[in-house]
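**Q** Dropping the sequence and predicted coords here.
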Amino acid sequence: AAPGGARILPYGGMRQAIGDNMVASLRDMAQLTIMFQVDVTELMKLRNQLKAEYDLTYTDLLVKAVAKTLKKHPLLNSTLVGEEIHQLDQVHIGVAVALADGLIVPVVRDADKRSLPEIAAEVKRLAAGARENSLPVDEVTGSTFSITNLGTAGVDGFTPVINPPEAAILGVG
């Protein structure tokens, strides 16, 4: 029974789907966290320089950097199917977006083929759609790698949970 004065919320819908998926990830996949600090002084300078031309966030820069990295390191852009590792040709980056009721991961499709301004516009569009609960299923499924950024919340480091069937996730503080 809930303590007196507690607000009771149903555990269903998106909350339950996210919870079930994350529990399955922790149960079925090897989870490993590696943390280190990176000097991003040059990244900050680049963002400030480019921000004069178009709206740009650190997450947009991370999507571009991760997309390029996945082409160089295809095992990070793979999935396990039975007893086979499938290295994926397409680079679809999931970008975690916090919502009042949970978390959703819209997908920047073909991120490796997009320019930085295109990525910035797409992330902005997807985040707005996520917050308005207006994204169709195909815009929140099919990612091959995800990024979650808690730096804006003042978090220095954390252990993100891999979003199956992806092989890895980047958590940024």
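**A** It's in. Residues are numbered from 1 along each chain as shown.
**Q** how close does Ala98 sit to Leu9?
**A** Taking C-beta to C-beta, to the nearest Å as the measure, Ala98 falls 17 Å from Leu9. All C-beta atoms are positioned from the backbone trio N, CA, C, and that covers glycine.
**Q** swap in Arg47?
**A** Arg47 sits 38 Å away from Leu9, taking C-beta to C-beta as the criterion.
**Q** rewinding a little: if you count what's nearby, which of Ala98 and Leu9 comes out ahead?
**A** The residue with more neighbours, out of Ala98 and Leu9 and counting by other C-beta atoms under 10 Å, is Ala98; that gives 16 against 8.
**Q** Can you find the helix or strand in the protein with the smallest mean pLDDT?
**A** helix 13-28 (a mean of 81; mean pLDDT, DSSP states H and E).
**Q** Would you mind writing the CA trace of that one as CSV?
**A** What follows is helix 13-28, C-alpha atoms only, in CSV (Å, rounded to 0.1, in the frame of the first residue of the first chain):
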residue,chain,number,x,y,z
GLY,A,13,2.1,2.6,-21.7
MET,A,14,5.4,4.4,-22.5
ARG,A,15,6.7,4.1,-18.9
GLN,A,16,6.2,0.3,-18.9
ALA,A,17,7.7,-0.1,-22.4
ILE,A,18,10.8,1.8,-21.4
GLY,A,19,11.1,0.0,-18.2
ASP,A,20,10.7,-3.5,-19.8
ASN,A,21,13.2,-2.6,-22.5
MET,A,22,15.8,-1.4,-20.0
VAL,A,23,15.4,-4.4,-17.7
ALA,A,24,15.8,-6.7,-20.7
SER,A,25,19.0,-4.8,-21.7
LEU,A,26,20.5,-5.2,-18.2
ARG,A,27,19.5,-8.9,-18.0
ASP,A,28,20.5,-10.0,-21.5
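**Q** what's downstream of the one helix or strand Ala128 maps to, the next helix or strand?
**A** Ala128 is part of helix 116-131, with elements assigned from DSSP states H and E. Following helix 116-131 in sequence order, the next helix or strand is strand 145-149 (DSSP H and E).
**Q** and the angle for that following strand with helix 116-131?
**A** Per axes from the mean of the first three to the mean of the last three C-alpha atoms, to 10 degrees, the angle that strand 145-149 makes with helix 116-131 is 80 degrees.
**Q** Parallel or antiparallel, which strands does the helix or strand following strand 145-149 pair with?
**A** Where DSSP H and E defines the elements, the next helix or strand beyond strand 145-149 is strand 169-172. Sheet pairing of strand 169-172 (DSSP bridges) gives strand 145-149 (parallel).
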